[in-house]
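Chemist: mind looking at a prediction? Sequence and model below.
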Amino acid sequence: MAELQKGLEGVIAAETKISSIIDSQLTYSGYDIDDLAENAQFEEIMFLLWNYRLPTQEELEELKEKLKQYMTLNPRVYKHFEEYATDDVHPMTALRTSVSYIAHFDPDAEEETDESRKNRAIRIQAKIASLVTAFSRVREGKEPVKPNSDLSYAANFLYMLKGELPSDTEVEAFNKALILHADHELNASAFTARCAVSSLSDMYSGIVAAIGSLKGPLHGGANEQVMKMLSEVKSLDEVDNYLDKKLANKEKIMGFGHRVYKEGDPRAKYLKEMSRKITSETGHNELYEISLAIEKRMHDEKGLIPNVDFFSATVYHSMEIPHDIFTPIFAVSRTAGWTAHILEQYRDNRIIRPRAKYVGETNRKYVAVEER
Ligand code: ACO
């Protein structure tokens, strides 16, 4: 049997044309992330990840139309939210439930062709934005906001979340954040999605499984934890004290480290610049200064670099987005990647079934319960 690789580190477990990380450079289907982050719309990225090519003008318009059409939720979903949209249900827990629930209203749920699956990817991508925003509003006792057909995907998300039209700067920053989080090769949640559908289970099951994986603080859940840390640090003078204690206890500092990137995460520089700009525009400069001090200490002492989650926290906080909605936003963006991985897995499927090295007891004999 092959040697055990804890955490599957370095193991090649799939072939993909969706994205690659080579020498700390991230590309989506051959396009450099820098090029895409600077120039593209998130809708083009969805198409790229699903089809391995950018859309024509006509294809892009058609996709945007479908997204807007599918953003409307069945009224029963809002009713469903009333049962569990409370402060003690984490929005990622709610999202896991609600994505599973909307499968009930998909009229083609059992149709399994590449075309119907691609359409299902559009449907889920559209509805996940509505689910996250409607949950957040219902929880606050507000009416859900219906999508606005004049707005892009990024703008519609912010509009449905807050109930007011976002500024151009907010839309530009949010569109970029969605692009930067859309896919990341064989990350834990994409692999989870691929495992789930490798039994030929349906796309909703794959997305529900992926949401569960993303929720953890070692993956997407880190962005909410970064904000918790920044609020605990409170002021620039407290950074060293705070980190001394955490590091002495061998605790992980959220938003740092990466399995693949050791030199630098190519996405982090954009979020850092966005954070600098937006914290200064919204009077949250100290949060940015604290972030820089943490970054410096982690680099100097541990040789660790900020990952995509570190500066995204202050960006979303400055946009007045509730902290527990940060990870659901990651899910909204990563749905493009998850659905792409699911489509790719179906196209060349073999059930994912590795082996485990047994390290438990051996040669035991059953003893009747009354004799134990
Ligand atoms: N804070 C302190 N020490 C750390 C951190 C951190 N954030 N990350 C890694 N280290 C240390 C570990 O303690 C370990 O030290 P040791 O060798 O002395 O025991 C060493 O660096 C290697 O760390 P591992 O946890 O083995 O690295 P792995 O590749 O398994 O994990 C991970 C990567 C999960 C990202 C890890 O760095 C971590 O837990 N980071 C904090 C959580 C986080 O930010 N997650 C978001 C990841 S990016 C994303 O999913 C979007």
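Modeler: Yep, that arrived. Residues are numbered from 1 along each chain as shown.
Chemist: show me the contacts for the closest residue to residue 301 other than its chain neighbours.
Modeler: Closest residue to residue 301 apart from its sequence neighbours, by CB to CB, 6 or more residues apart in numbering: residue 247 at 7.3 Å. Glycine gets a C-beta too; all of them are placed from N, C-alpha and C. Neighbouring residues of residue 247 by CB atoms under 8 Å, 6 or more residues apart in numbering: 253, 301, 302.
Chemist: now the closest residue to the ligand within the stretch 51-200 of the chain: closest residue in space that isn't a chain neighbour?
Modeler: Residue nearest to the ligand within the stretch 51-200 of the chain: residue 187 (6.2 Å; CB to the nearest ligand atom). Closest residue to residue 187 apart from its sequence neighbours, by CB to CB, 6+ apart: residue 219 at 7.2 Å.
Chemist: likewise for residue 40?
Modeler: Nearest residue to residue 40, sequence neighbours excluded (CB to CB, 6+ apart): residue 179, at 6.0 Å.
Chemist: give me the domain ranges for the protein.
Modeler: 16-216+323-347, 222-319 (the TED database).
Chemist: next, give phi and psi for the closest residue to the ligand within the chain.
Modeler: Taking CB to the nearest ligand atom, the ligand has its nearest neighbour within the chain at residue 257, 2.3 Å off. The phi/psi pair for residue 257 (degrees, to the nearest 10) reads phi 90, psi 160.
Chemist: swap in residue 26?
Modeler: phi -100, psi 130.
Chemist: residue contacts, it?
Modeler: Contacts of residue 26 by CB under 8 Å, 6+ apart are 19, 20, 32, 33, 184, 185, 266, 267.
Chemist: so which bits of the chain are right by the ligand?
Modeler: Neighbours of the ligand within the chain, by CB under 6 Å from any ligand atom: 7, 218-220, 222, 252-259, 302, 304, 307-309.
Chemist: filter the residues you listed down to the buried ones, ChimeraX style.
Modeler: Per 16 or more other CB atoms under 10 Å, the buried members of those correspond to this ChimeraX selection:
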select :219,220,222,253,254,255,256,257,258,304,307,308,309
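Chemist: do you have the helices of the stretch 251-372 of the chain handy? List them.
Modeler: All helices of the stretch 251-372 of the chain, identified by DSSP state H, counting those that start in this stretch, fall at 268-281, 285-297, 308-318, 326-347.
Chemist: Serialize these to a markdown table and add fields for mean pLDDT.
Modeler: Shown next, in a markdown table, are the helices of the stretch 251-372 of the chain (pLDDT from 0 to 100):
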| stretch | mean pLDDT |
| --- | --- |
| helix 268-281 | 94 |
| helix 285-297 | 96 |
| helix 308-318 | 95 |
| helix 326-347 | 98 |
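Chemist: which of these sits closest to residue 130?
Modeler: Closest of those to residue 130 is helix 326-347, at 9.9 Å (criterion: CB to CB).
Chemist: just the C-alphas of the closest one, formatted as CSV.
Modeler: The C-alpha trace of helix 326-347 is given here as CSV (Å, rounded to 0.1, in the frame of the first residue of the first chain):
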residue,chain,number,x,y,z
PHE,A,326,-18.1,36.9,5.7
THR,A,327,-17.8,33.1,5.3
PRO,A,328,-21.2,32.9,3.4
ILE,A,329,-19.8,35.5,1.0
PHE,A,330,-16.8,33.3,0.5
ALA,A,331,-19.3,30.5,-0.3
VAL,A,332,-21.2,32.7,-2.8
SER,A,333,-18.0,33.3,-4.7
ARG,A,334,-16.6,29.7,-4.3
THR,A,335,-19.9,28.2,-5.7
ALA,A,336,-18.5,29.1,-9.1
GLY,A,337,-15.5,26.9,-8.4
TRP,A,338,-17.4,24.1,-6.6
THR,A,339,-19.9,23.8,-9.5
ALA,A,340,-17.0,23.8,-12.0
HIS,A,341,-15.3,21.0,-10.1
ILE,A,342,-18.5,19.0,-9.9
LEU,A,343,-19.1,19.4,-13.6
GLU,A,344,-15.5,18.3,-14.3
GLN,A,345,-15.7,15.4,-11.9
TYR,A,346,-18.9,14.1,-13.7
ARG,A,347,-17.1,14.4,-17.1
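Chemist: which of the residues in it are buried?
Modeler: Quick answer for helix 326-347 (16+ other CB under 10 Å): 326-346.
Chemist: just want the angle from that helix to helix 308-318.
Modeler: Orientation of helix 326-347 against helix 308-318 (axes from the mean of the first three to the mean of the last three CA atoms, to 10 degrees) gives an angle of 130 degrees.
Chemist: give me the distance from helix 326-347 to the chain's centre.
Modeler: 8 Å (CA atoms, centre = their mean, to the nearest Å).
Chemist: same check on stretch 149-169?
Modeler: On CA atoms, centre = their mean, the centre of stretch 149-169 falls 19 Å from the chain's centre.
Chemist: so which elements touch the lengthiest helix in the chain?
Modeler: Across the chain, the longest stretch assigned as helix under DSSP state H is helix 114-139. Contact partners of helix 114-139 among helices and strands, from 3 or more CB pairs under 8 Å, 6 or more residues apart in numbering; DSSP states H and E: helix 42-51, helix 57-70, helix 75-84, helix 91-102, helix 153-162, helix 203-214, helix 326-347.
Chemist: which one of those helices lies nearest to residue 370?
Modeler: Proximity to residue 370 (CB to CB) singles out helix 203-214 among the helices and strands packed on helix 114-139, at 40.0 Å.
Chemist: name the helices or strands packed onto the helix or strand following the closest one?
Modeler: Next helix or strand after helix 203-214 toward the C-terminus (DSSP states H and E): helix 222-233. Counting contacts by 3+ CB pairs under 8 Å, 6+ apart, helix 222-233 packs against helix 239-248, helix 285-297, helix 308-318, helix 326-347.
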